[in-house]
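Colleague: Take a look and give me a structure for this.
(one chain, ligands or ions: 2)
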Amino acid sequence: MHSTLSLSQATTVPRSNYAFDSHSPSFALSKPINLRFCGLRREAFGFSNLTQSCSSRVRISSRGHSKKIVASAGNNGTPLKSFNYDLIIIGAGVGGHGAALHAVEKGLKTAIIEGDVVGGTCVNRGCVPSKALLAVSGRMRELQSEHHMKALGLQVSVAGYDRQGVADHANNLASKIRSNLTNSMKALGVDILTGVGTILGPQKVKYGKVGFPDSIVTAKDIIIATGSVPFVPKGIEVDGKTVITSDHALKLEFVPDWIAIVGSGYIGLEFSDVYTALGSEVTFIEALDQLMPGFDPEIGKLAQRVLINPRKIDYHTGVFATKITPARDRKPVIIELTDAKTKEPKDTLEVDAALIATGRAPFTNGLGLENINVVTQRGFVPVDERMRVIDANGNLVPHLYCIGDANGKMMLAHAASAQGISVVEQVTGRDHVLNHLSIPAACFTHPEISMVGLTEPQAREKGEKEGFEVGIAKTSFKANTKALAENEGEGLAKLIYRPDNGEILGVHIFGLHAADLIHEASNAIALGTRIQDIKFAVHAHPTLSEVLDELFKSAKVKAPASSSPVSEPVAV
Ligand SMILES: Cc1cc2nc3c(=O)[nH]c(=O)nc-3n(C[C@H](O)[C@H](O)[C@H](O)COP(=O)(O)OP(=O)(O)OC[C@H]3O[C@@H](n4cnc5c(N)ncnc54)[C@H](O)[C@@H]3O)c2cc1C
Ligand SMILES: NC(=O)c1ccc[n+]([C@@H]2O[C@H](COP(=O)([O-])OP(=O)(O)OC[C@H]3O[C@@H](n4cnc5c(N)ncnc54)[C@H](O)[C@@H]3O)[C@@H](O)[C@H]2O)c1
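Modeller: Ligands and ions are numbered 1, 2, ... in the order given. Predicted structure coming up:
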């Protein structure tokens with residue numbers, strides 16, 4: 001293992017200052033190299049055919065939208081008068097699925113176009129298989145911890161695993177959830193149209209499979225939900241075997257003795273948990289000066305103390321992996337590191353494998369944005385706060401929305417789905433703006449990390465600008481009966497709030513089941529519940545939720561509780 005760089009020497013580099021910023025997909029999209037690595041997807045999408053002009057033939061799906069079709073309408077730019085569908089969604093990932101289900105509930109005739117497999121990233125290459133691997137790593141970790149087992153009075157002779165069995169668990173779960181998603185849409189009458197969707201003009205889309213004539217369908221409203229693919233910085237050669245992205249890693253084709261993970265965000269951190277539990281040594285390579293730069297700094301420090309330092313993990317921070325060559329001719333994977341500030345060569349690593357976890361790039365290839373005068377911004381489809389697509393002149397494109405990873409507002413499955421539901425609310429007559437500050441996020445390490453709203457530095461900056469004081473309250477898992485019964489007392493919950501009016505600005509949790517615990521806080525933010533009111537809510541004893549109960553109770557809020565209706569006594 002290589003020596004560890006001292007975090008205490010760190011200074012902060014703003015994200016925008018570094019050349020290979022994963023959040024600058026203009027770089028990503030200007031280089032087709034990023035899309036080389038989506039394997040199955042690339043074939044499924046048949047890129048060579050995407051620029052083909054639309055077939056003049058209009059083929060109609062057999063699922064009953066033939067009656068209304070007006071093939072020639074709108075060709076001269078006039079608005080269409082009649083449509084095949086009320087709503088067409090391009091992309092059947094979780095965002096598209098969430099929108100489709102809500103649309104049907106609202107009585108909309110809905111179709112979803114999918115160019116690959118239903119479920120998109122989350123189900124097939126993301127949340128679902130990764131959580132299956134993490135379920136295994138959690139158990140392995142527990143069984144391998146002699147100290148933990150002894151504290152509970154348990155004896156386990158030896159913990160082992162069957163790599164193929166673990167891989168099958170992840171793959172089977174993805175298949176199961178994929179078929180659940182497909183069946184749920186079919187059962188509700190959503191038309192699933194197979195092929196790559198291309199926007200031809202306002203309210204008009206063609207779709208088709210390679211080698212087959214295209215079909216044209218129209219809809220009153222269209223939602224783009226085309227998601228994202230792994231972003232691979234220039235200079236890194238992915239071979240899918242020894243230099244891999246999460247798409248490959250989730251298949252768990254091998255467990256390397258030593259793996260470098262480039263990027264210490266969500267994917268990097270979750271895979272470090274999996275690989276170290278299965279016996280690998282991990283070296284993080286992170287461009288910023290600290291690991292886990294996206295988290296609240298105090299939670300990040302604690303996470304480093306528990307999730308990094310005691311494990312077989314070392315790290316290089318403040319460096320880019322500027323060149324990575326896969327293992328070949330009996331040579332290992334070679335990684336060239338460059339200092340993020342000076343841009344001078346810093347070090348060379350030789351490892352068994354490298355996982356590239358440097359962010360994701362929006363996927364809009366073949367979508368036909370040029371046909372409606374929309375220019376992507378750093379690769380993302382530009383939208384307003386209602387997910388309405390903005391064209392190159394800054395005008396809203398009528399009846400066109402973009403949700404999920406493709407708009408880059410918040411690259412999370414539930415955010416994509418919530419944005420889809422919000423759009424459906426709007427197109428069915430209820431104005432709705434989603435509060436992204438109420439959307440929780442979680443990293444499913446052992447223990448977990450979760451968060452909602454602002455970090456402490458963000459809250460202090462806002463407080464300074466808007467002239468309010470920021471309060472901080474913290475509670476430890478060490479005082480929680482349930483956590484101690486589980487011998488899992490390592491954990492912290494942190495509340496960031498306004499003492500003057502009791503507004504919750506952010507909550508961050510590190511500890512057992514943090515991903516489940518965060519919802520009390522995120523729901524409170526979404527519903528505008530203040531601390532002076534929520535502190536009177538009753539929690540069952542002994543539960544982990546008492547960590548949050550105590551957190552709210554320990555905040556020093558000046559505002560009184562709002563006068564709430566007194567509950568009627570109920571006869572029992
Ligand atoms: C390893 C990993 C783990 C993750 N874990 C989590 C997690 O635990 N929790 C969480 O909230 N998020 C997680 N994410 C993020 C989450 O997967 C994404 O935020 C989410 O999938 C985005 O949903 P989406 O619907 O916008 O896009 P996607 O899920 O990417 O779906 C887009 C769909 O559109 C299709 N498509 C694209 N272009 C076209 C076209 N022109 N025509 C037809 N179809 C098209 C694609 O084939 C795809 O099926 C994870 C991601 C990764 C990579
Ligand atoms: N549990 C979850 O909700 C979950 C899990 C996995 C992924 N995701 C989503 O998937 C998306 C992608 O995850 P991710 O971890 O790839 O991205 P990320 O943005 O979370 O982290 C990427 C990290 O890579 C670093 N980086 C970028 N370029 C680099 C380079 N050349 N050399 C070294 N370091 C570099 C960045 O500074 C950053 O710390 C995220 O937006 C996340 O929301 C969510």
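
Colleague: list the buried ones in the biggest helix by length in the chain?
Modeller: Secondary structure of the chain per DSSP state H: the longest helix is helix 163-188. Within helix 163-188, the residues that count as buried by 16 or more other CB atoms under 10 Å are 166-167, 169-171, 173-175, 177-178, 181-182, 185. From N, CA and C alone the C-beta is placed, and that goes for glycine too.

Colleague: What strands line up against the following helix or strand past it, and which way round?
Modeller: Per DSSP states H and E, the first helix or strand lying C-terminal to helix 163-188 is strand 191-194. Its sheet considered, strand 191-194 pairs with strand 110-114 (parallel) by DSSP bridges.

Colleague: Pick out the residue nearest the middle of the chain.
Modeller: residue 412 (2.9 Å; CA atoms, centre = their mean).

Colleague: Touching, that residue and residue 439? I think so.
Modeller: Yes. Residue 412 is within contact range of residue 439, at 6.9 Å (criterion: CB atoms under 8 Å).

Colleague: Phi first, then psi, for the closest residue to residue 189 other than its chain neighbours.
Modeller: Sequence neighbours aside, residue 104 is the residue nearest to residue 189 in space, at 6.2 Å (criterion: CB to CB, 6 or more residues apart in numbering). When read as degrees, to the nearest 10, the backbone of residue 104 gives phi -60, psi -40.

Colleague: I'd say residue 104 and residue 110 touch.
Modeller: Yes. Between residue 104 and residue 110 there is a contact at 5.7 Å, judged by CB under 8 Å.

Colleague: Shouldn't residue 437 be within a helix?
Modeller: Yes. Residue 437 sits within a helix when classified using DSSP: H, G, I helix; E, B strand; the rest coil.

Colleague: Tell me which residues touch it, please.
Modeller: Listed by CB atoms under 8 Å, 6 or more residues apart in numbering, the contact set of residue 437 reads 452-454, 525.

Colleague: now those in a markdown table, with neighbour count?
Modeller: Output for those, formatted as a markdown table (neighbours: other CB atoms under 10 Å):
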| residue | neighbour count |
| --- | --- |
| 452 | 25 |
| 453 | 24 |
| 454 | 21 |
| 525 | 20 |
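
Colleague: now, among these, which is nearest to residue 398?
Modeller: Residue 398 lies nearest to residue 525 out of these, by CB to CB, at 32.3 Å.

Colleague: ok, now how distant is the closest one from ligand 2?
Modeller: For residue 525, the distance to ligand 2 equals 18 Å [CB to the nearest ligand atom, to the nearest Å].

Colleague: Burial check on the closest residue to residue 513 other than its chain neighbours, number of neighbours?
Modeller: Spatial nearest neighbour of residue 513, chain neighbours left out: residue 544 (5.5 Å); criterion: CB to CB, 6+ apart. Residue 544 has 23 neighbours, counted by other CB atoms under 10 Å.

Colleague: Double-check that residue 544 belongs to a helix.
Modeller: No. Counting by three-state DSSP, residue 544 falls outside a helix, being coil.

Colleague: returning to that earlier point: residues that sit against both of residue 104 and residue 110, list them.
Modeller: The contact sets of residue 104 and residue 110 overlap at 189-190 (CB under 8 Å, 6+ apart).

Colleague: Looking at these two, which is more packed in?
Modeller: Taking other CB under 10 Å, residue 104 and residue 110 do not tie; residue 110 has more neighbours (26 against 19).

Colleague: Residue 315: what secondary structure?
Modeller: Counting by three-state DSSP, the backbone at residue 315 sits in strand.

Colleague: Spell out the secondary structure type for the spatially closest residue to it that is not a sequence neighbour.
Modeller: Distances taken as CB to CB, 6+ apart place residue 284 nearest to residue 315, at 3.8 Å, with adjacent residues excluded. What three-state DSSP gives for residue 284 is strand.

Colleague: Give the burial count for residue 284, as a bare number.
Modeller: 22.

Colleague: who's in contact with the nearest residue to residue 166 once chain neighbours are set aside?
Modeller: Distances taken as CB to CB, 6+ apart put residue 136 closest to residue 166, at 5.0 Å, once the chain neighbours are dropped. Contact partners of residue 136, counting by CB under 8 Å, 6+ apart, are 161, 166, 169, 274, 277-278.

Colleague: Quick one: residues contacting whichever residue of the stretch 451-572 of the chain sits closest to ligand 1.
Modeller: For the stretch 451-572 of the chain, the residue closest to ligand 1 is residue 515, as judged by CB to the nearest ligand atom, at 8.5 Å. By CB under 8 Å, 6+ apart, the residues touching residue 515 are 442-444, 448, 450.

Colleague: CA atoms only for the longest strand along the chain - export them in PDB, please.
Modeller: In the chain, with assignment by DSSP state E, the single longest strand is strand 215-224. Extracted C-alpha coordinates of strand 215-224, given in PDB (Å, rounded to 0.1, in the frame of the first residue of the first chain):
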ATOM      1  CA  SER A 215     -42.900   4.900 -35.900                       C
ATOM      2  CA  ILE A 216     -44.100   8.400 -35.200                       C
ATOM      3  CA  VAL A 217     -46.300   9.200 -32.200                       C
ATOM      4  CA  THR A 218     -47.700  12.500 -30.900                       C
ATOM      5  CA  ALA A 219     -48.600  13.700 -27.500                       C
ATOM      6  CA  LYS A 220     -49.900  16.800 -25.800                       C
ATOM      7  CA  ASP A 221     -47.000  16.800 -23.500                       C
ATOM      8  CA  ILE A 222     -43.600  15.100 -23.600                       C
ATOM      9  CA  ILE A 223     -41.200  14.300 -20.800                       C
ATOM     10  CA  ILE A 224     -37.500  13.600 -21.500                       C
END
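
Colleague: quick check, that strand touching ligand 1?
Modeller: No. Judged by CB under 6 Å from any ligand atom, strand 215-224 stays clear of ligand 1, getting no closer than 8.3 Å.

Colleague: returning to that earlier point: I'd like the contacts of residue 437 as JSON lines, with secondary structure and distance to residue 195 appended.
Modeller: JSON lines is the format used below for the contacts of residue 437 (DSSP: H, G, I helix; E, B strand; the rest coil; distance: CB to CB, whole Å):
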{"residue": "452", "secondary structure": "strand", "distance to residue 195": "38"}
{"residue": "453", "secondary structure": "strand", "distance to residue 195": "40"}
{"residue": "454", "secondary structure": "coil", "distance to residue 195": "42"}
{"residue": "525", "secondary structure": "helix", "distance to residue 195": "40"}
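
Colleague: Would you point out the most distant pair within these?
Modeller: Farthest-apart pair in these is 454 and 525; separation 10.1 Å (CB to CB).

Colleague: Can you pull up the residues of the stretch 151-300 of the chain that come close to ligand 2?
Modeller: Counting by CB under 6 Å from any ligand atom, the positions of the stretch 151-300 of the chain adjacent to ligand 2 are 233, 262-268, 270, 285-288, 293-294.

Colleague: ok, back up a step: distance between the longest strand of the chain and the chain's centre?
Modeller: 26 Å (CA atoms, centre = their mean, to the nearest Å).

Colleague: Stretch 383-403 now?
Modeller: Distance, centroid of stretch 383-403 to centroid of chain: 22 Å (CA atoms, centre = their mean).

Colleague: how long is that stretch from one end to the other?
Modeller: 9 Å (CA to CA, to the nearest Å).

Colleague: Residues in contact with that stretch: which ones?
Modeller: Contacts for stretch 383-403 (CB under 8 Å, 6+ apart): 95-96, 99, 199, 202-203, 219-225, 372-375, 381-382, 407, 409, 416, 419-420, 422-423, 426-427, 431-434.

Colleague: Make a PyMOL selection of whichever of those residues turn out to be buried.
Modeller: Selecting only the buried entries of these in PyMOL, with 16+ other CB under 10 Å as the criterion:
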select buried, resi 95+96+99+199+202+203+219+220+221+222+223+224+225+372+374+381+382+407+409+416+419+420+422+423+426+427+434
